[in-house]
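[1] structure here, sequence nowhere to be found:
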C-alpha cells in the first residue's frame with residue numbers, strides 16, 4: 001500500500017504536507033482520487049507482505065515512477081536499459097498494474113505498462129521503435145485503427161490513446177498548418193462522434209478540449225498570415241467546443257479588431273472580462289478597443 005501511495009503523491013506533484021493539505025481542501029477531484037488510493041492501500045484482500053519484500057516493492061515502484069517521469073523517449077529508453085535487471089521483470093509488471101489501479105487508470109502509466117510488456121516479449125529496441133515516430137505519424141496510424149475496432153472497451157482504449165497523442169501533438173512548437181487542419185478534421189469527424197457514442201463523458205470532454213486547443217492554434221496561424229476571416233472562423237470553432245475558455249474570447253476580440261470591427265469585439269471582451277478578469281492581456285485589448293472606437297467616431 002505504501003508503494004502505491006508514494007507513487008500517487010509523486011504523480012500528483014505533492015511535495016510537502018502544506019501542499020497536501022491545500023489540495024485536500026480545494027480540489028474535490030484530488031480528494032476523490034485520494035479516497036480511491038486509501039481504499040486500495042487498505043485492501044484486506046491483498047496478501048500479507050513481509051517487511052523486506054515491502055521495501056523491495058517500494059524501491060521498484062520508485063524506479064518505475066522515475067522511469068515514467070523521464071523527459072523524453074530517448075531518456076526513457078536509456079533509463080530502462082540502465083535498470084533492465086529490475087524493470088524487465090514480472091514483479092515490475094505487477095507493481096505497474098497496481099499503480100495503474102491506484103491512480104484511476106492513468107493513461108501515461110498504461111502506456112508504460114505496454115512498453116514493459118513489449119520489451120519483455122520482443123526487446124527494448126522493439127518496444128521503443130513505434131514511439132520514435134512523430135505524434136502526427138502515430139495519430140495517422142491510430143486513425144486507421146478506428147475502422148477495425150468494434151468492441152466498446154477497445155474503442156474507448158483507442159480514443160484514450162488518441163487523446164494522449166493529441167495532447168503531445170499540440171504541445172509541439174511550429175506545427176505545420178496542414179497537420180493542424182488534418183488533426184482538427186479527424187478529431188471532429190471521427191474521434192468525437194465515437195467518444196459521444198461510447199457514453200463516456202470524460203472522453204467527450206477531453207475531445208472537445210483538444211478541438212478547442214487545435215482551432216485556437218489555427219486562429220493564431222491564420223492571424224499571423226493576416227487571413228482574418230479564416231482566423232475568425234477558427235477561433236469561433238474553438239469557443240464552440242470550449243465556451244468557458246477566456247483566452248479564446250480574448251483571441252477572437254483581437255481578430256475582430258485586426259479586421260477593424262471594433263464594435264464586434266465588445267461582447268468577446270466583456271465575456272473574457274467575466275471569465276478571467278485578471279488576465280494580463282486584457283488591459284491592452286481594452287485600450288485597443290477604445291482607441292479604435294474613438295477613431296471610428298472621428299472618421300464618421
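    Sure, I can see it. Keep in mind that this is a model prediction, so the values were computed, not measured. Numbers count the residues shown, from 1 in each chain.

[2] what helix or strand is the residue nearest to residue 247 when sequence neighbours are not counted located in?
    In this structure, residue 247 finds its nearest non-sequential neighbour in residue 216, 7.2 Å apart by C-beta to C-beta, 6 or more residues apart in numbering. C-beta coordinates here come from the backbone N, C-alpha and C atoms, glycine included. Here residue 216, judged by DSSP states H and E, is contained in helix 201-224.

[3] what packs against that helix?
    helix 152-170, helix 177-186, helix 192-198, helix 228-241, helix 246-258 (3 or more C-beta pairs under 8 Å, 6 or more residues apart in numbering; DSSP states H and E).

[4] packed most tightly, which of the ones you listed would that be?
    helix 246-258 (a mean of 23; mean count of other C-beta atoms under 10 Å).

[5] now do that helix and helix 228-241, the angle between them.
    160 degrees (axes from the mean of the first three to the mean of the last three C-alpha atoms, to 10 degrees).

[6] pLDDT averaged over helix 246-258, what's the number?
    Averaged over helix 246-258, pLDDT sits at 97.

[7] try stretch 79-89
    95.

[8] buried residues in it?
    79, 80, 83, 86, 87, 88 (16 or more other C-beta atoms under 10 Å).

[9] just give me the closest of these to residue 276.
    The shortest approach to residue 276 among those belongs to residue 79, at 39.0 Å (C-beta to C-beta).

[10] name the secondary structure element that contains that closest one.
    helix 73-82.

[11] same for that helix, what does it pack against?
    helix 51-68, helix 107-122, helix 124-128.

[12] distance of residue 249 relative to residue 212?
    Per C-beta to C-beta, to the nearest Å, residue 249 is found 12 Å from residue 212.

[13] and for residue 227?
    Taking C-beta to C-beta, one finds residue 227 at 20 Å from residue 212.

[14] pick out whichever of these two has more residues nearby.
    residue 212 (22 against 13; other C-beta atoms under 10 Å).

[15] so what touches the helix holding residue 79?
    66, 67, 70, 87, 88, 115, 119, 124, 128, 131, 132 (C-beta atoms under 8 Å, 6 or more residues apart in numbering).

[16] name only those of those residues that count as buried.
    Buried among the contacts of helix 73-82 (16+ other C-beta under 10 Å): 67, 87, 88, 115, 119, 124, 128.

[17] which one of those residues is nearest residue 163?
    Distances from residue 163 to those, taken by C-beta to C-beta, are shortest for residue 115, at 18.2 Å.

[18] list the contacts for the closest residue in space to that closest one that isn't next to it in sequence?
    Computed as C-beta to C-beta, 6+ apart, the closest residue to residue 115 that is not its neighbour in sequence is residue 127, at 4.9 Å. Residue 127 sits next to 115, 116, 118, 119 when contact means C-beta under 8 Å, 6+ apart.

[19] do the same with residue 70
    Residue 70 neighbours (C-beta under 8 Å, 6+ apart): 76, 78, 79.

[20] before we move on, what SS does it have?
    Classification of residue 70 using DSSP: H, G, I helix; E, B strand; the rest coil returns coil.

[21] look up phi and psi at it.
    Backbone geometry at residue 70, expressed as degrees, to the nearest 10, gives phi -60, psi 160.

[22] distance of it relative to residue 203?
    Remark: distance between residue 70 and residue 203 (C-beta to C-beta) = 27 Å.
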